[in-house]
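> here's a sequence, model it:
(one chain, ligands or ions: 1)
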Amino acid sequence: MRIVLSVALSSDWCLDDCSQQRLVISNDKDWDEVYALRGECDAILVGAETLRRDNPGLRIKSELIRSERISRGMSPDISRITMTRSGVLDPNLKFFSPEGDAIVFTENRGVGGLERSTRVICRRCLSARCVANELERMGCKQLMVEGGAQILRMFLAEGVFDELRVAQSPIVVGEESAPKLVEPWKMHPMVLEREYRLDDMTIRWFRRIGSDGRTDYEFMNRAIELSRRCEKVATHYCVGAVIVTADGRVFEGYTGETGEHDHAEEAAVLKADRTGADLRGATIYSSMEPCSKRSSKPRSCSEIIIERGMSRVVFALSEPTHFVSNCQGESMLRRAGIEVVRMPELADRVEDVNAYLNN
Ligand SMILES: NC(=O)c1ccc[n+]([C@@H]2O[C@H](COP(=O)([O-])OP(=O)(O)OC[C@H]3O[C@@H](n4cnc5c(N)ncnc54)[C@H](OP(=O)(O)O)[C@@H]3O)[C@@H](O)[C@H]2O)c1
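Next up is the predicted model:
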């Protein structure tokens, strides 16, 4: 299961101020990105205190995102999840609205109100890992954790996350007792992977460091580097690919490397096959969206990725329309339950490598 932690912060790292009113930190563009991110997730988790203070709806309102979810075989509504020790939750909270599931993890089943939830999961001692495992057992493939501070700190400290998205605004709260993310807590190591602006906000994506310490950014850079080795011919794009297996083995390829008509993904798969490597659960990095249609081969790269049981695809540039007008690689992979990560900030480098096709 992919877990994304998402938080909006003031410039002094507060999630809110001390007033009764909810402090609006995000701007419109940030909200749009957060809503799009929610649209990719099966479930969204916020702590009980956030429900009590802000009473958020946690719904997907955009009809476009709802219909996209349906076409991917997902429920149009995201499952709403909360955690509470006390079990004190007002049954009239929007969290308990009838659309979609409302799931409560609690250490105290005995308090009223919880009967309005779809499911109450009671455990003597709740941790981030315990919640993640339970949700994964229920079929959750992508979870978004949106706060507040206590809940985020728990996931960060236990290292139960893949990515942390921090949207920081220029607002200064300046109140000592406001909820903050920068209190002394033990945080799992992570690296800053991407940084960009959305008007006055700075968006930073951090990735939890895995066992070998390499990041998506580094693997994608390597894939782009490999794409430069391709022969620049008019019949194919120049693409590089890197496969990282679940047990950490790395296989690389580029278009045309193993055969005239072999795509980069096929070259990397072929090299993995030669060693007998198991590709189930692997991540494949491709500088360009894996293809969904082939004229020269029976199966597309997206089909191969699905058949081989890979669980994650990262690419930089969506397939341009030079050879095929409407590549369906990304949606095909998502429909198969594969996590797809786009790195549009590296797309222009892939366009540069392929600029010769426009001449
Ligand atoms: N800026 C943002 O992006 C953002 C996002 C979300 C929220 N917020 C703000 O954050 C503030 C709330 O943050 P917060 O840190 O006070 O609260 P919180 O993290 O939303 O919720 C804390 C509550 O979660 C429950 N909890 C925590 N650990 C638990 C565990 N291990 N097992 C079971 N239950 C557990 C407890 O509920 P009980 O008390 O019921 O036992 C605890 O009081 C609000 O002001 C809200 O506006 C900001």
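> interface residues of the protein facing the ligand?
Counting by Cβ under 6 Å from any ligand atom, the residues of the chain close to the ligand are 7-8, 15-16, 22, 25, 46-50, 53-54, 83-86, 88, 107, 126, 146-151, 154, 179. Heads up, the C-betas are built off the backbone N, CA and C, glycines and all.
> in ChimeraX, select just the buried ones from those residues.
The buried residues among these can be selected in ChimeraX (16 or more other Cβ atoms under 10 Å) with this line:
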select :7,8,15,16,25,46,47,48,49,50,54,83,84,126,146,147,148,149,151,154,179
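> list the contacts of residue 196.
202-203, 345 (Cβ atoms under 8 Å, 6 or more residues apart in numbering).
> where do the strands sit along the stretch 201-350 of the chain?
Secondary structure of the stretch 201-350 of the chain (DSSP state E, counting those that start in this stretch): strands at 201-208, 240-244, 250-254, 283-288, 312-317, 339-342.
> may I have the fourth one exported as PDB, CA atoms only?
Going back to what we said before, that points to strand 283-288. The C-alpha coordinates for strand 283-288 follow below in PDB (Å, rounded to 0.1, in the frame of the first residue of the first chain):
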ATOM      1  CA  THR A 283       9.200  -0.800  -9.300                       C
ATOM      2  CA  ILE A 284       9.900   0.200 -12.900                       C
ATOM      3  CA  TYR A 285      11.300   3.700 -13.800                       C
ATOM      4  CA  SER A 286      10.800   4.700 -17.400                       C
ATOM      5  CA  SER A 287      11.700   8.100 -18.800                       C
ATOM      6  CA  MET A 288       8.400   7.900 -20.800                       C
END
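> did I read that right, residue 80 in a strand?
Yes - membership of residue 80 in a strand is supported by DSSP: H, G, I helix; E, B strand; the rest coil.
> what about residue 9, distance to residue 92?
Applying Cβ to Cβ, to the nearest Å, the value for residue 9 to residue 92 is 30 Å.
> chain center to stretch 116-129, what's the gap?
Centroid displacement of stretch 116-129 relative to its chain, using Cα atoms, centre = their mean, to the nearest Å, is 23 Å.
> what lies in contact with it?
If you take Cβ under 8 Å, 6+ apart as the criterion, stretch 116-129 is touched by 79, 83, 85, 91, 96, 101-109, 114, 130, 134, 154-155, 157-158, 160.
> of those, which belong to strands?
If you go by DSSP state E, those have 79, 83, 102-106 in strands.
> and those, which of them are buried?
79, 83, 102-106.
> which of the residues you listed lies closest to residue 285?
Closest approach to residue 285 among these (Cβ to Cβ): residue 79, at 29.8 Å.
> isn't that closest one right up against residue 45?
No - contact criterion Cβ atoms under 8 Å: residue 79 and residue 45 do not qualify, at 9.2 Å.
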